Every structure is written in structure tokens, then in C-alpha cells.
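Participant: I would like the atomic coordinates for the input below:
(one chain, ligands or ions: 1)
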Amino acid sequence: MAVETSKQVIPGAFSGTALRGDFPVFDRPTGSGQRLVYLDAAASSPKPRTVIDTMADAYGHHYANVHRGIYELSEDATRRFEQARKAVAGFIGAPSEREIVFVRNATEAINLVAYSWGRTNVHSGDLVVTTQLEHHANIVPWQQLTREVGAELAYVGLTDDGQLNLDDFEAAIARGPRLVCVSAVSNALGTINPVAELTAKAHAAGALVLLDIAQAAPHMPVDVSAIGCDFAVLSGHKMLGPSGIGALWGRRELLDAMPPFMTGGNMILRVTLEGAEWNTVPQKFEAGTPAIVEAIGLGAAIGYLNALGMASVREHERYLFEHAWAALHEIEGVRLLGPGDPAIHAGVISMDIEGIHPHDVATVFDSLGVAVRAGHHCAQPVMDRYGLPATTRASFYVYNDLDDVTALTDAVRACQRLFGGA
Ligand code: PMP
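Facilitator: A predicted model of the protein is given here:
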């Protein structure tokens, strides 16, 4: 497939080229003096002006501690903070904003579940299931939990084209796990997992399901109620919001029954010298002063994404993915990982360029203004599965366009010329 380099409007309701005007980072020349071609949204996304301005305004005119002050300014800050919680709930289809717990990031959300729900409900001899496709954040907390309580951790393996091995999955859930932990979209390969189907099967086997939606929520419609899962975790910084804020969603009855993860101020109803009584959910899990302005910034990011429409975001990235995959596929010496079928492959392309270390690739790309991630993407078991120490990963978002796809393929060829490859 030929890659067109015109400023044509990509299907979906918006133009990535035009949206770049909303992101101040694209005003900045790169070190090499070239236009910045940002292809690393999977690590963290740039922030649109509306998020930056909303946060500056919140700090400037609406800032006080939340849930404490009996004065108008504090009530104003609390209102804005709670509106952000409502925005997160609406964005992921949670039945109630009371089920949204603000945390720092997806990693903290998973640890919260592993410590609070896990240490209460997983016992010696029990089974927890995760997959070889996960980010380390959805592996290591389960390794720690199962080791500590004497439970077993089983992994669902991967097919050669980067999908979950469904036979493995069936075999694992047939053993009656307490919990199944799986990502909706892989950060390392871009695979979109059939999470509604997996959830239904896990439930039928009596397991709860934790979904890692850190790479799904920013890029496609996600409805946790429709999927039917029990917990879901996300990070604000991957979805146009600030770093330092993320969310855990959990079904109310589960959150109500779980002990607090951290204790201290805000999470209590009453403290005496003898003990303490916990606050209700979600405050029970939000000890101490939260990331107030970061939450408000996340709310603004959600407003921006909602205005674009998540179905359009998905369509936009799917179009870029199809063009990039086809163009890269034609380049000799480039090995592409993952399914490649746009129906089950998000806007993340992991590749190996024969004979060139990904760190060298990324350095050459950088000299051309193209920012990609080189490394194991915090998914070393995925790298092990495909016999690679690292890959070069390009990931698309709303501000990318076909010129960025061309910049990527040009950079691959430039790299091969430089290293005398294919
Ligand atoms: N899960 C997935 C699928 C991810 O891509 C990431 C971040 N790369 C995480 C979890 C962890 O996110 P954070 O570092 O924001 O906690």
C-alpha cells in the first residue's frame, strides 16, 4: 500500500495535522531542528493546551485542600475534583463515580488491589492467572502476592503472532482461579484482547477479573459495565492528562468489603486512641491529600477526548496503523511483531530492524525528529517469547497523521542506509 503524504483528512471526525495546533509541544523544534514527530504515546502522551490551562487556572484561582475546608474556595476545589471523578466514571462506563478511586497511576491501582483484595482473598493453594503479554505492573504485584501467601501464579502464553493463547487461557481457568488479570491492549505489541469474552469465561469459572485498560482507555471506547469485569485500572498521563493521577475502578461491593491499602487522614470517619473507623468508598482508599489539580487536569483531558469522540479516535489510529504496517511490511529486514490485523491491533507497532540495536535505531530516528521508544517496554516476558532483548516501538495518537507515517518509514530506511543494512 502506498503511503500518501498529503494533508488529507483521515477517516474519523478530525485531522491529526490540525489537532497538533492544540499541543504546545509541537511548537518546539527538536534538537535536530526538525519538526517533532511524536510516536511515543504508549509511554506517555503530550498534553493539549486545555489541560495545561485548566491546571494553571485550578492552581491560580480554585486551589485549596479538598473535603476539608468549610469555606467557599475549598468547596470550589472539592467540586472540581469530584467533577473529575464523575468524568472518569462516565468515560469508562462505570455505574457510579463512587466506584472510582484516584491513585497515582495504573501501577498503584494494581498494587492496591493486590494488597487489599489480594491479601484478604487469596490464600495458600489458590490460583491467580495473568498473561505473558502483560506490562510488568500486571505481573510483579501478582508474583509478590502469590509468593507471600503461598498461592500459585499461572501465565497464559502467546501465539507466534502476539495473541493470547486461548487454549492456555481455557486450561488455566478450568483450574478455578480466584482472579484473572489481563490487559485490554498490550503496550508492547498493540494486541487488542477479547476482554468481554475472557471476562465471561473467567466469571463462569468463578474468578474475578482485573482489566488493565492503561493502553485501551486512551485510544478506543471502553465500557467496563458492558465488559462485565470487576476491577479496571488506568493512568492519566497516557490519555492526554497529567502524570501523578490514575484511577482504579472496582465494583462497589468489592470495594466496600476491601480493607484500606494506606491509612491516615481523609480515609477515616473517626479516630480514637484505641482505633479508627474507615470512611466510605472511595475515600477509604484515598489516604492523605490527593493529587487535586492533576485529577482536575485529567477531567479536562477526558473532556478533550470526549469532544473528539472515542470511536473517531479509534478510527483515526486504525487508519494510521494500517498504512504504517503495510508500508513497514514492504521494507526488507524489518520484522513486525503482533497480529497485524487492524481489527485486533491498536496503534502500536513493535519492530526489529535486522542487525541494528533498537537503541541505535531510536538515536538515528531522534536525529530525524522522530521520537519512538526503544527497549523492553516493561514487558520482558514478551521480549523473551520472541527471542529479542528489545524492540523499536512506534505508537500513534490523535495528533499524528500520514506525514508522520512517512517520517517513520523514511527513518527506518535512513537507519538501514546508515548501518549498511538491507
Ligand atoms: N499497564 C500498561 C498496559 C502500560 O502500558 C503501562 C505503562 N506503560 C502500565 C500498566 C503502567 O502505567 P504507569 O507507569 O502509569 O503506572
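Participant: for the ligand, what are the nearby residues on the stretch 201-350 of the chain?
Facilitator: Residues of the stretch 201-350 of the chain found near the ligand (CB under 6 Å from any ligand atom) are Asp212, Ala214, Gln215, Ser235. All C-beta atoms are positioned from the backbone trio N, CA, C, and that covers glycine.
Participant: what residues are up against the first one?
Facilitator: Meaning Asp212. Contacts for Asp212 (CB atoms under 8 Å, 6 or more residues apart in numbering) come out as Ala106, Ile110, Glu134, His135, Ala137, Asn138, Cys181, Val182, Ser183, Ala184, Ala232, Val233.
Participant: In CSV, list the residues of the stretch 201-350 of the chain next to the ligand along with pLDDT, secondary structure and distance to Ile344.
Facilitator: Below are these laid out as CSV (pLDDT from 0 to 100; DSSP: H, G, I helix; E, B strand; the rest coil; distance: CB to CB, whole Å):
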residue, pLDDT, secondary structure, distance to Ile344
Asp212, 98, strand, 17
Ala214, 98, coil, 18
Gln215, 98, coil, 13
Ser235, 98, strand, 23
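Participant: And the closest residue to Ala174 other than its chain neighbours, how close does it get to the ligand?
Facilitator: Of all residues not flanking Ala174 in the chain, Ala205 sits nearest, at 6.8 Å (CB to CB, 6 or more residues apart in numbering). From Ala205 over to the ligand the distance is 24 Å, taken as CB to the nearest ligand atom, to the nearest Å.
Participant: now do Ala414
Facilitator: 27 Å.
Participant: same check, this time on Ala374
Facilitator: Distance, Ala374 to the ligand, by CB to the nearest ligand atom: 14 Å.
Participant: Over to Ala41?
Facilitator: Relative to the ligand, Ala41 is positioned 10 Å away (CB to the nearest ligand atom).
Participant: tally of neighbours for that residue?
Facilitator: The tally of other residues near Ala41 (other CB atoms under 10 Å) stands at 26.
Participant: tell me the pLDDT at it?
Facilitator: pLDDT, the model's per-residue confidence, is 98 for Ala41.
Participant: any idea what sits nearest it, other than its immediate chain neighbours?
Facilitator: Tyr397 (3.8 Å).
Participant: Surely His377 and Thr392 touch.
Facilitator: No - using CB atoms under 8 Å, His377 is not in contact with Thr392, being 10.2 Å away.
Participant: neighbour-wise, which of the two wins?
Facilitator: Thr392 (27 against 23).
Participant: What strand or helix carries the more buried one?
Facilitator: According to DSSP states H and E, Thr392 maps onto strand 391-395.
Participant: nearest spatial neighbour of the closest residue to the ligand within the stretch 301-422 of the chain, skipping sequence neighbours?
Facilitator: At 5.7 Å from the ligand, Cys378 is the closest residue in the stretch 301-422 of the chain, using CB to the nearest ligand atom. Distances taken as CB to CB, 6+ apart place His136 nearest to Cys378, at 4.5 Å, with adjacent residues excluded.
Participant: picking that back up, surely the residue nearest to Ala174 and Pro177 touch.
Facilitator: Yes - Ala205 lies in contact with Pro177 (CB under 8 Å); the separation is 7.2 Å.
Participant: more crowded one of those two?
Facilitator: Between Ala205 and Pro177, counted using other CB under 10 Å, the more crowded position is Pro177 (25 against 16).
Participant: Return the distance of that one relative to Val156.
Facilitator: 11 Å (CB to CB, to the nearest Å).
Participant: In a markdown table: the contacts of Asp212, plus secondary structure.
Facilitator: Formatted as a markdown table, those follow (DSSP: H, G, I helix; E, B strand; the rest coil):
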| residue | secondary structure |
| --- | --- |
| Ala106 | helix |
| Ile110 | helix |
| Glu134 | coil |
| His135 | coil |
| Ala137 | helix |
| Asn138 | helix |
| Cys181 | strand |
| Val182 | strand |
| Ser183 | strand |
| Ala184 | coil |
| Ala232 | strand |
| Val233 | strand |
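Participant: if we can go back for a sec, unless I'm mixing things up, the residue nearest to Cys378 is touching Met383, no?
Facilitator: No - assessed by CB under 8 Å, His136 is found out of contact with Met383, at 11.4 Å.
Participant: Between those two, which has more neighbouring residues?
Facilitator: A direct count of neighbours by other CB under 10 Å for His136 and Met383 places Met383 higher, at 18 against 15.
Participant: Next one: that one, what pLDDT does it get?
Facilitator: So Met383 comes in at 96 (pLDDT).
Participant: In which helix or strand does it reside?
Facilitator: helix 380-385.
Participant: Of all the residues in that helix, which ones are buried?
Facilitator: Within helix 380-385, the residues that count as buried by 16 or more other CB atoms under 10 Å are Pro381, Val382, Met383, Arg385.
Participant: Does Gly355 touch Glu332 like I think?
Facilitator: No - assessed by CB under 8 Å, Gly355 is found out of contact with Glu332, at 11.7 Å.
Participant: which stretches of the stretch 51-200 of the chain form helices?
Facilitator: Here the stretch 51-200 of the chain has its helices, by DSSP state H, counting those that start in this stretch, at 72-92, 106-112, 119-121, 140-149, 166-173, 195-204.
Participant: Mean pLDDT and mean neighbour count added to these, as CSV?
Facilitator: Shown next, in CSV, are those (pLDDT from 0 to 100; neighbours: other CB atoms under 10 Å):
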stretch, mean pLDDT, mean neighbour count
helix 72-92, 97, 19
helix 106-112, 98, 24
helix 119-121, 98, 14
helix 140-149, 98, 18
helix 166-173, 98, 17
helix 195-204, 98, 18
